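Trainee: Need coordinates for the below:
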Amino acid sequence: MTFSDPILIWACIGIVLMLAEIILPGGIVIFLGAACLIVAAALGVGLVEGVVQSLTLWFITAMVLLLAFRQITQKLVGGDAHVANTDEELDIYNQLAIVKQTIGPAQQLGRIEFQGSEWPALGDGSEIAAGAQVRVICRDNIALVVEPITPDSEHLVSKSN
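Mentor: Presented below is the predicted three-dimensional model:
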């Protein structure tokens, strides 16, 4: 056997691809490597000859292995299947913020500090002074709609938590 022997080349590529599965997990590269080993075996037995037949066998074998065994390896290996909340409105609802610039009266915009950054804010029509704590109700375009926290609303929040 020399380094130009197609059997050795296909076997080496197959082993390298199968070892690459350690670095690139996902259950795909290992099947490409297994297909290379099958081509090397077919070349050794004499079932295929030449580059065109080898590549055709590799392609067909890789597709069959991927389609047949991919679901099985995914069940065995698992993976990160985390589904996060995609509705930002639900994430901000009922959160607390601090008024940085007076909000109101009426529809006059002010500014609040919420989650580490400042946001434009609309109130409930009353004047909310700077330094007051407010509760975020919803978002109106880029402004957050807030309401002042009263002793009654704090009691309701503590009961719901």
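Trainee: quick one: low-confidence ranges for this structure?
Mentor: Per-residue confidence for the chain (pLDDT under 70) gives these ranges: 1-3, 76-90, 151-161.
Trainee: immediately after the longest strand seen in it, which helix or strand?
Mentor: Secondary structure of the chain per DSSP state E: the longest strand is strand 133-140. Heading C-terminal from strand 133-140, the first helix or strand you meet, by DSSP states H and E, is strand 143-148.
Trainee: Which strand residues bridge Ile103?
Mentor: Ile128 (DSSP bridges).
Trainee: shift numbering so it begins at 316
Mentor: OK, 316 is where the count begins now, so the last one is Ile418.
Trainee: Now the one helix or strand Phe384 maps to: buried residues?
Mentor: Assigned by DSSP H and E, Phe384 belongs to helix 365-392. Within helix 365-392, the residues that count as buried by 16 or more other Cβ atoms under 10 Å are 369, 372-373, 376-377, 380-381, 388. C-beta here means a position set from N, CA and C on the backbone, and glycine is covered the same way.
Trainee: related to what we said a few turns ago, kindly calculate the angle that the longest strand of the chain makes with strand 458-463.
Mentor: Interaxial angle, strand 448-455 versus strand 458-463 (axes from the mean of the first three to the mean of the last three Cα atoms, to 10 degrees): 150 degrees.
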